[in-house]
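J.: Build me a structure from this.
(2 chains)
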Amino acid sequence: MSPSTVVRVQWILTWLLPSAHAEALLGDLLEERRLRLQLHVSSPASVARWHWMQLALSLPVLLWASFYRRSSFLTLGTAVVSYLAAGGVVFVLRAALLPMTTSTFARTVIDVLLCGVLAMTAAGYVAASIRPGAAPLLAVLVLVAMSMMMAFDLAGVPLWYEGSFLVIGSLAPIAGAALSRRWRKA
Amino acid sequence: MPRGEFLGSLEQIVMLAVVRLGSDAYGMTVRREIEERTGREISIGAVYATLERLEAKGYVSSFTGEPTAERGGRAKRHFEVEAAGLQALSASQEALRSMSVGLSRRWKRA
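T.: Coordinates of the predicted model:
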């Protein structure tokens, strides 16, 4: 695992676990990985696969535990309210910005990048400031909403628009939460 | 233990592993012990989530060990069962035993 990947995984884990536990969890995985390689119980590729499977299986469990620990209903409520508020902000931004151009491409870029991402980043920032667990939940809400829109073609917009918002829009609340954490630390 | 609160099956299994391992109880040894004894595959995340829940209930406590090179300079988090945890574990096991009395013939029939 490259150092940058370790940093990224650690960042996600410190979100979901108390930091001492996240440190220990990563250390445990590394120790077991080295042990498996030393004992030659399986090939290096399958040991690496085992490592990633452990992380992949651990994240949903830890996400759920973190959600539960941080008073689930308040967290869920914060995420839903933030999502609705972001919808309102998108509506206002669209009304203000879209009449500025007639190009379909420019309108879509403004719609996705400026309105959608800006609103979701702000929503993630606010949600994380109120309840730290609400921002990842907001990201999940965006992911689910966009997946449903894509599956049932509810928005009537190009697939690339929905696809890009599915990815960028889901990451935006996490970026907002990171900004909020940085702001609080400063 | 508050009245009516019993440990879940994974909580019991994790606590039993911690008791068995004694001073060597940390995330990965607990996971390995469970896998070896029960044949049940369990993720390290599930072990930590359960241990954290048990710690919040005051049934286990944890402390940080020394960082080691084979762990990439990361410290172990050791766990030990508290008196309240042993009491809860014993009560949960006793409840299961009481509920199972006289039913062994039914398992055999199934």
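J.: Contact partners for residue B:63?
T.: Counting by CB atoms under 8 Å, 6 or more residues apart in numbering or on different chains, residue B:63 makes contact with B:77, B:78. Bear in mind the C-beta positions are built from the backbone N, C-alpha and C, glycine included.
J.: can you tell me the helix or strand for residue B:65?
T.: Assigned by DSSP states H and E, residue B:65 belongs to strand B:60-68.
J.: Which positions in that strand come out as buried?
T.: For strand B:60-68, the neighbour count (16 or more other CB atoms under 10 Å in any protein chain shown) marks B:60, B:62 as buried.
J.: List the strands paired with that strand, with their directions.
T.: strand B:74-81 (antiparallel) (DSSP bridges).
J.: The next helix or strand after the strand it pairs with: how far from the chain's middle?
T.: Moving toward the C-terminus from strand B:74-81, the next helix or strand (DSSP H and E) is helix B:83-100. How far helix B:83-100 lies from its chain's middle: 13 Å, per CA atoms, centre = their mean, to the nearest Å.
J.: Which other helices and strands does helix B:83-100 contact?
T.: helix B:9-21 (3 or more CB pairs under 8 Å, 6 or more residues apart in numbering or on different chains; DSSP states H and E).
J.: now the helices for chain A?
T.: Secondary structure of chain A (DSSP state H): helices at A:3-16, A:19-39, A:44-69, A:72-97, A:104-109, A:118-130, A:134-152, A:159-185.
J.: Count the neighbours of the spatially closest residue to residue B:45 that is not a sequence neighbour for me.
T.: What sits nearest to residue B:45 in space, not counting adjacent residues and going by CB to CB, 6 or more residues apart in numbering or on different chains, is residue A:58, at 2.3 Å. For residue A:58, the neighbour count with other CB atoms under 10 Å in any protein chain shown is 23.
J.: My understanding was that residue A:58 contacts residue A:22; is that so?
T.: No: between residue A:58 and residue A:22 there is no contact under CB atoms under 8 Å: 10.6 Å.
J.: Noted, bye for now.
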